[in-house]
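1. 3D model of this:
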Amino acid sequence: MATTSTSSLTLQHNVHKTCTSSSPNKTLQLDYGVTKISFKIRFLSSHIRRKQLCNATRFNEVVVNEDVEKIRRLQNGSDVRGVAVEGEKGRTVDLTPSAIEAIAESFGEWVIDGLKKANGGVLGQNKVRVSLGRDPRISGPSLSVAIFAGLNRAGCIPFDMGLATTPACFMSTLLPPFSYDASLMMTASHLPYTRNGLKFFTPKGGLCSTDVEEICNRAACKYANRFAKTSLAKDGISPVKVDFMSTYSKHLRDIIKERVNHPEHFDTPLEGFKIIVNAGNGSGGFFAWNVLDELGADTFGSLNLRPDGMFPNHIPNPEDKVAMSLTRAAVLEQSADLGIVFDTDVDRSGVVDNEGNPINGDRLIALMSSIVLREHPGTNIVTDARTSMALTRFITERGGHHCLYRVGYRNVIDKGIQLNEDGVETHLMMETSGHGALKENHFLDDGAYMVVKIIIEMVRMKLAGSKEGIGSLIKDLEDPAESIELRLNICTEPRYAKDKGVEVIETFRSYIEEGCLEGWQLDTCGDCWVSEGCLVDSNDTPSVIDARMYRAKVSDEKHGQHGWIHIRQSIHNPNIAVNMQSAVPGGCQSMTRVLLEKFLLESGMDRFLDITEVEKFAKSG
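-> Numbering: from 1, shown residues only. Next comes the predicted model:
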């Protein structure tokens, strides 16, 4: 024991001494026991180096650039995502058991540190309790073992919720008798079966990107240790298996019963309603079995309720055309009142009305806005900046205020939280992808709760004597004449992709500000405290930027302002997303040609961007 302690101190001292050298490359001789070990350490930028050295000193570890970057690249905004199993062309496994154990351990330590800070430096006698839920991906069971090991190593008691949903994991920190100190959800949403990831929660809500960055920095130092590579802990407390989904299902049932308050059958308010659920073989089947059926609904004809981590039928995604088409067909075949489409982990949803009309994207935001504005007249509604000009008119005509903000569900939700803290009443925050959060539901993006709101409104309409379906609430919403999304893959090493993405986005901004793109102007998106194309807050406490993006409004002499273009770097993949909408036929193609000829080619961005999609669309028709 004495030898190990002395060696650790020697290692720590030598690392600090060598890493302060100005030499870009250095061979480091470490005296570890009786063995001389040489490492070549490539030095990071001064900012990152200082941060990682601090952690290296704390954990007595050697930080090696390649290993550090492996963990850092797993962060995707406020989530962690990576490739967990082989099978994806061009992608290697990076979300390994060792990596995810280091992240889970670091999360456990982060939670413990936060609780100590909140209690004057004292944790108390009770150990920190952390729950874990997962979607049905095939990598879930093996990675769960690593997560439980990491939580054990941090000194936490792990609780195994088994198959669960992302919103349920958060609610496990609030609903008694569970009320865990924190929770993890293992999921990669709608991404392929090869992927997996983590979402992080405390009773205050989901973690922000800066919190996840801190956790990943801690984990990187653990993972990069060349001497004691993280391995599955064999000691510690085994996870306690719990059935939280039954409690969560009852929570949703009680909300429907109490708010419908059916005059004839309080406990079964959905009698006489036929509802189709398409769970996409994800975690959403519980909603048919444990919520709708228990409330008296007829769910015969529902689709893909059985969990299957290979997702054999279609992408579990309310934006997926196949998912919506199959659900539409089932609704019409069964003469159903409503169809529901969930994503894998049920934090997003879309619906189909009784006439077979898909309601997602702008249409879902309009539907929820209509419901919320009846309950809270004049409230603010925050969306991402890809929504249509017609949606803004729809909201304002009903007395609401539309705040367009950065793309990214966490950005949209955090903006709503910030507005409420500043005294600006904001009850709904929704992104076009289907993420939607309500002030009344802890600002949680819960696809099941969103559907609960729609079902309650549907029943109320029938009780009031209406013979129309839920789609009648948005019958006057106009659709844009054209709408398209294009992708520009960044052709560089993964470690440089983020910086190259920033270069593209900022060059785009400069081209517009300097007048290089005639008729294009950075869009401030109204009077919602947002400037410079939904990127920079002009208030006193600007939000952290997790991905660069700008939106420009586009005008010409013939049509005036007829559309917009939004360009952003993806936080999930090494590419640039370009969204466009136009009120005139051919408008998106004309904008694409300007983007291609006057920006991508003239700026030289095509040197490291794959512009194939843009070229193809510009030349189509």
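2. so the closest residue to E468 other than its chain neighbours is in which element?
-> When the adjacent residues along the chain are set aside, E468 lies closest to M461, with 7.0 Å between them (Cβ to Cβ, 6 or more residues apart in numbering). From N, CA and C alone the C-beta is placed, and that goes for glycine too. M461 is part of helix 447-463 when elements are defined by DSSP states H and E.
3. quick one: strands adjacent to the very next helix or strand once past that helix?
-> Next along the chain after helix 447-463, taking DSSP H and E as the criterion, comes strand 482-490. Strand 482-490 pairs in its sheet with strand 575-582 (antiparallel), strand 609-610 (antiparallel), by DSSP bridges.
4. please pull up the helix or strand immediately following strand 482-490.
-> Sequence order places helix 494-513 as the next helix or strand after strand 482-490, per DSSP H and E.
5. right, and the helix or strand after that following helix?
-> Where DSSP H and E defines the elements, the next helix or strand beyond helix 494-513 is strand 520-522.
6. which strands and helices lie in contact with that next one?
-> Helices and strands touching strand 520-522, by 3 or more Cβ pairs under 8 Å, 6 or more residues apart in numbering; DSSP states H and E, are helix 494-513, strand 549-556.
7. by contact count, what packs against the first one?
-> For helix 494-513, the elements it packs on are strand 482-490, strand 520-522, strand 549-556, strand 560-569, strand 575-582, judged by 3+ Cβ pairs under 8 Å, 6+ apart.
8. for it, what is the distance to the chain centroid?
-> Chain-centre distance of helix 494-513: 22 Å, with Cα atoms, centre = their mean, to the nearest Å.
9. contacts for that helix next, please.
-> When contacts are defined by Cβ atoms under 8 Å, 6 or more residues apart in numbering, helix 494-513 is touched by residues 69, 73, 488, 490, 492, 517, 520-522, 532-533, 547-550, 552, 567-570, 574-576, 598-599, 603, 605, 608-609.
10. may I ask which helix or strand encompasses D211?
-> Taking DSSP H and E as the definition, one finds D211 inside helix 209-223.
11. output the helices and strands packed on helix 494-513 as a markdown table; include the columns mean neighbour count, mean pLDDT and distance to R348.
-> What follows is those, written out as a markdown table (neighbours: other Cβ atoms under 10 Å; pLDDT from 0 to 100; distance: least, Cβ to Cβ, whole Å):
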| stretch | mean neighbour count | mean pLDDT | distance to R348 |
| --- | --- | --- | --- |
| strand 482-490 | 18 | 93 | 17 |
| strand 520-522 | 19 | 89 | 30 |
| strand 549-556 | 21 | 88 | 20 |
| strand 560-569 | 22 | 89 | 19 |
| strand 575-582 | 23 | 93 | 17 |
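12. rebuild those as CSV, extending it with distance to K619.
-> Output for these, formatted as CSV (distance: least, Cβ to Cβ, whole Å):
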stretch, distance to K619
strand 482-490, 13
strand 520-522, 21
strand 549-556, 20
strand 560-569, 18
strand 575-582, 16
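13. which of the ones you listed sits closest to V111?
-> With Cβ to Cβ, the closest approach to V111 among the helices and strands packed on helix 494-513 belongs to strand 560-569: 30.1 Å.
14. only alpha carbons, please: show stretch 363-370 as CSV.
-> Extracted C-alpha coordinates of stretch 363-370, given in CSV (Å, rounded to 0.1, in the frame of the first residue of the first chain):
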residue,chain,number,x,y,z
ARG,A,363,-49.6,21.5,-37.1
LEU,A,364,-48.9,19.9,-33.7
ILE,A,365,-47.6,23.2,-32.3
ALA,A,366,-50.8,24.9,-33.6
LEU,A,367,-53.0,22.3,-32.0
MET,A,368,-51.3,22.6,-28.6
SER,A,369,-51.3,26.4,-28.9
SER,A,370,-55.0,26.3,-29.5
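15. quick one: distance of it to the chain centre.
-> Here stretch 363-370 is found 20 Å from its chain centre; the criterion is Cα atoms, centre = their mean.
16. how much space between the residue positioned nearest the centre of the chain and T344?
-> Centrality entry for the chain: nearest residue to the mean C-alpha point is Y409, 5.9 Å, by Cα atoms, centre = their mean. Distance, Y409 to T344, using Cβ to Cβ, to the nearest Å: 15 Å.
17. what is the neighbour count of V122?
-> A count of nearby residues for V122, using other Cβ atoms under 10 Å, gives 9.
18. next up, the contacts around it.
-> Contacts of V122 (Cβ under 8 Å, 6+ apart): K116.
19. which element is it on?
-> Here V122, judged by DSSP H and E, is contained in no helix and no strand.
20. can you give me phi and psi for it?
-> Phi and psi for V122, reported as degrees, to the nearest 10, are phi -110, psi 130.
21. show me the shaky parts of this protein.
-> Low-confidence segments of the chain (pLDDT under 70): 1-66, 226-237, 524-546, 572, 621.
22. hang on, Y550 packs against L522?
-> Yes - at 6.2 Å, Y550 counts as touching L522 under the criterion of Cβ atoms under 8 Å.
23. got the buried residues for the longest helix along the chain?
-> Scanning the chain for the helix with the most residues, using DSSP state H, yields helix 97-118. Using 16 or more other Cβ atoms under 10 Å as the test for burial, helix 97-118 gives 97-112, 114-115.
24. packing partners of that helix?
-> Helix 97-118 is packed against helix 65-72, strand 79-83, strand 129-134, helix 140-154, strand 182-186, strand 195-202, helix 209-223, with contacts defined by 3+ Cβ pairs under 8 Å, 6+ apart.
25. with mean neighbour count as added columns, please give these in CSV.
-> Formatted as CSV, the helices and strands packed on helix 97-118 follow (neighbours: other Cβ atoms under 10 Å):
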stretch, mean neighbour count
helix 65-72, 18
strand 79-83, 24
strand 129-134, 27
helix 140-154, 22
strand 182-186, 28
strand 195-202, 24
helix 209-223, 22
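26. run a quick neighbour tally on the residue nearest to E468.
-> By the criterion of other Cβ under 10 Å, M461 has 16 neighbours.
27. need the strands paired with strand 482-490 in JSON lines (columns: distance to I512).
-> Output for the strands paired with strand 482-490, formatted as JSON lines (distance: least, Cβ to Cβ, whole Å):
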{"stretch": "strand 575-582", "distance to I512": "14"}
{"stretch": "strand 609-610", "distance to I512": "18"}
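28. of all those, which lies closest to L338?
-> Ranking those by their distance to L338 (criterion: Cβ to Cβ) puts strand 575-582 first, at 27.9 Å.
29. next one: that closest one to chain centre, how far?
-> Counting by Cα atoms, centre = their mean, strand 575-582 is centred 19 Å from the centre of its parent chain.
30. what about E597, distance to T612?
-> Noted for E597: a distance of 15 Å to T612, by Cβ to Cβ.
31. how about I256?
-> The separation that I256 has from T612, given Cβ to Cβ, amounts to 48 Å.
32. likewise L373?
-> Distance, L373 to T612, by Cβ to Cβ: 43 Å.
33. ok, now V331?
-> For V331, the distance to T612 - Cβ to Cβ - is 37 Å.
34. and these two? which has more neighbours close in?
-> More neighbours surround V331 than the other of V331 and T612, with 27 against 12 (other Cβ under 10 Å).
35. quick one, what contacts the closest residue to K116 other than its chain neighbours?
-> Ranked by Cβ to Cβ, 6+ apart and with sequence neighbours excluded, the top spatial neighbour of K116 is L123, at 5.2 Å. The neighbours of L123, taking Cβ under 8 Å, 6+ apart as the test, are 112, 115-116.
36. hang on, I381 packs against T426?
-> Yes - if you go by Cβ under 8 Å, I381 and T426 touch, sitting 7.2 Å apart.
37. neighbour count: these two, which is higher?
-> I381 (28 against 22).
38. thought I576 was touching L488?
-> Yes - in this structure, I576 is within contact of L488 by Cβ under 8 Å, at 4.1 Å.
39. joint contacts of these two?
-> Contact criterion Cβ under 8 Å, 6+ apart; residues shared by I576 and L488: 504, 609.
40. now for the helix or strand hosting V277, which elements pack on it?
-> If you go by DSSP H and E, V277 is part of strand 275-278. With contacts defined as 3+ Cβ pairs under 8 Å, 6+ apart, strand 275-278 has these neighbours: helix 321-334, strand 338-342.
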